[in-house]
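**Q** Coordinates for the following, if possible.
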Amino acid sequence: MAKIIKIKADDGSEIEFYDEIKAQGGVKDVYFSPSKQYVVAFYRKPLNELKPSEKDRLQNIVGIYKERIFNQAGGDYWKKLFAWPEKSVEWNGKIGVVVPFYDKKFFFNGGPFDGKEKNGKWFASAKLRNKFLPADQKGTWLSHLHVCIKIARAVRRLHAAGLAHSDLSYNNVLIDPLSGSACIIDDDGLVVPGKYPPDVVGTPDFIAPEVLSTKSLKIDDPNRKLPCVYTDRHALAVLIYMNLLYRHPLRGGKVWDIDDPAKDEEMTMGEKALFIEHPTDKTNRVKIDDLEKSQLPQGDPSKLPYTICGPYLKTLFDRAFIDGLHDPQKRPSAAEWEDALVKTTDLVQPCQNPNCEAHWFVFDNTTKPQCPFCGKEYKGQLPILNFYYSPSRGRFMSENYRLMIYDKQTLYMWHVNRNIGANEKTSNEDKKPAGDFHFHNNQWILINRRLDDMYEILSDGSKKSIGIGDYVPLTEGRKILLSTKEGGRLVIVQLVNN
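**A** Okay, the predicted model is just below:
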C-alpha cells in the first residue's frame, strides 16, 4: 500500500494523497486522496523551470477567478459544470493543484468500461459508439442536446469572466448522456488572452484553422495566432456538431498532400479547412466507400445531414463552418449556441418507433414528418404552438420560435414569458410547470396549472379566461394569451395531420 503524503496547501489547509501516480495527462501526474473527495495533480515541469507568468496564472485561477465564478450568488450551479482547481500546492520541487473528484455519474457503471471516465470522445464518434458502447450507455438524441447546452453554458461563463479554455475538446469534457450532464476539466490551463500565454495550442480536431496554419511562427510573432475566445468558439462548434451528428465537420474525402500525411493533416485542419457539408463547394465531401461499416450511418452526411438539427442550429453551423471558419470574428458566441440549443429542445418530437436508438427528432416543418434516424413516419395529429410577442400594447409579432407538443409535454415559464430565460438564473419558482399538454378524448388539450392571467382570444377579439385547473382544446388557429404581464406571449395553434 502506498504511503500517505501530508502537505499544506497555499491556503493553509492540510492535503493528503497516496504517493502513487494514478493517472497521467499531457503535463501533469495525478494522485488520489484517501477520502476520494479530491485529487492532486502535479506538473511534471519543476517549479524552478516555470515562468513567473505560469505560476501567476495558476494562483489567479485558484484565487481571483475562482472567487468571481464560484463564491458569488449562484456559484454552486457552476461547480457542477467545472472540475475547477480549488487550491495550489507544492511538493518535491513541483507545483500542483487540488481538484474535486469527478461526480460518479461521469464514470461508466457496468459494461466493458466499468469504472472508467466518460471521456466525451466515446459519445462523439460514430465508430466508438457503434463498436463499443452498450445501448444503455448512449443516452438519447434529446439528452445529447442537453449535454451540448451544458457545454455551451459553461464556455459562455468562462468567456464572460475574461477567460479562454485554450484546449477545449472531447478529451477535456466529461459527459453523461444518461442525465444530460457535462463537466469541463483541465481548467488549470485556462488563459487570459494577452496576459497569460497558453501552455498548449489545443487538441487535434479542435484547433482553430488560424492557430494551426501559423503554429510554425515564433510565439511572439505578431502574425502567430494563439488560443483565445475565438478559437474556443471554433472548438465549441466542433464539439456540438460531433455530439449531435457523431462525425467531424472538416474530415472529408479531400487529400491535399498525398505524399506527406503530416502536411495533409495541417492543410485539412488549417489553411485549407473546408466544411464537409458546404452547400456549394463539394471539394471535401465524404467518400462513403472510404468509411468503415462501424461509421455508418452517422458518418454519411447524405443520410443524416446537419439540417436534421433544425433551423436554429443549422444557421449557427453555417456561421461556424462556412462564414467563420477562416474569419474568427464571424463565429457564433457560446451564448448564441446556448440559446439555439434551448430553442431546439422545444422542436423535438418523440419517435414512434420503440426501437429507435435516437428516441427523439427535430420536427422538420413538413406535412409528413418522419424520424431521420430510423425513418419512422409520425402518424396522427401533431400540434404546434407558434409564439408571438408584443412590442407594443395590442400588437403582436412572430418570434420565429415554436413549441412542439407531445403527450405529457410541459409548459414552463420561459415559454409563457419571453423575459424569463432557461438558464442558470432561472428561479425555483419559474422551474415549476405552468401547464401541461395531453391527448385526451381524441383531442389535444392544454391544462393551466398556475397561470392567473391566461386567456383564449376569441374571433371577435374578446378574451375568455382559462382558470387554473381549466383546460383549452388545441384546435387549428386557436389563439391563447399565456400571460398579460410584460413579456407575456400569445400562441397560435397549428395542427399537422398525418
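
**Q** Only C-alpha atoms from now on, for both contacts and neighbour counts.
**A** OK.

**Q** what's the domain layout of the protein?
**A** Using automatic domain parsing, the domain parsing of the chain gives 1-101, 111-346, 380-497.

**Q** starting at the chain centroid, how far to the last one?
**A** To tie it back to what came earlier, the one meant is domain 380-497. Using C-alpha atoms, centre = their mean, to the nearest Å, the mean C-alpha position of domain 380-497 is found 27 Å from that of the whole chain.

**Q** Any idea how far apart the tips of stretch 128-140 sit?
**A** 16 Å (C-alpha to C-alpha, to the nearest Å).

**Q** can you pull the buried residues of that stretch?
**A** By 16 or more other C-alpha atoms under 10 Å, the buried positions in stretch 128-140 come out as 129-130, 133, 137-140.

**Q** for the residues you listed, which one is nearest residue 330?
**A** Residue 330 lies nearest to residue 140 out of the buried residues of stretch 128-140, by C-alpha to C-alpha, at 31.1 Å.

**Q** Next one: the closest residue to that closest one other than its chain neighbours from residue 284, what distance?
**A** Among residues not flanking residue 140 along the chain, residue 358 sits closest, at 5.0 Å (C-alpha to C-alpha, 6 or more residues apart in numbering). Residue 358 is 27 Å from residue 284, where distance means C-alpha to C-alpha.

**Q** Name the residues that touch stretch 313-326?
**A** Residues outside stretch 313-326 that contact it (C-alpha atoms under 8 Å, 6 or more residues apart in numbering): 209-210, 234, 237, 241, 249, 273-275, 278, 306-307, 330-332, 337, 340-341, 344.

**Q** which of the residues in that stretch are buried?
**A** 313-314, 316-322, 324-326.

**Q** cool, stretch 48-67 as well?
**A** 54, 57-59, 61-63, 65-66.

**Q** Pretty sure residue 62 sits in a helix.
**A** Yes: counting by DSSP: H, G, I helix; E, B strand; the rest coil, residue 62 is found in a helix.

**Q** what's it in contact with, if anything?
**A** 84-88.

**Q** 7 Å instead?
**A** Contact analysis of residue 62 by C-alpha atoms under 7 Å, 6 or more residues apart in numbering lists 85-88.

**Q** Just the CA trace of stretch 204-218, in PDB.
**A** C-alpha atoms of stretch 204-218 as PDB (Å, rounded to 0.1, in the frame of the first residue of the first chain):
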ATOM      1  CA  PRO A 204      -6.000  17.800 -32.900                       C
ATOM      2  CA  ASP A 205      -9.500  18.000 -34.400                       C
ATOM      3  CA  PHE A 206     -10.400  21.100 -32.300                       C
ATOM      4  CA  ILE A 207      -7.500  23.500 -33.000                       C
ATOM      5  CA  ALA A 208      -8.800  26.500 -34.900                       C
ATOM      6  CA  PRO A 209      -7.500  26.800 -38.500                       C
ATOM      7  CA  GLU A 210      -5.700  30.100 -37.900                       C
ATOM      8  CA  VAL A 211      -3.800  28.600 -35.000                       C
ATOM      9  CA  LEU A 212      -2.700  25.500 -36.900                       C
ATOM     10  CA  SER A 213      -1.700  27.400 -40.000                       C
ATOM     11  CA  THR A 214       0.600  29.800 -38.000                       C
ATOM     12  CA  LYS A 215       2.000  27.400 -35.400                       C
ATOM     13  CA  SER A 216       5.400  27.400 -37.100                       C
ATOM     14  CA  LEU A 217       5.900  31.100 -36.300                       C
ATOM     15  CA  LYS A 218       7.600  32.200 -33.100                       C
END
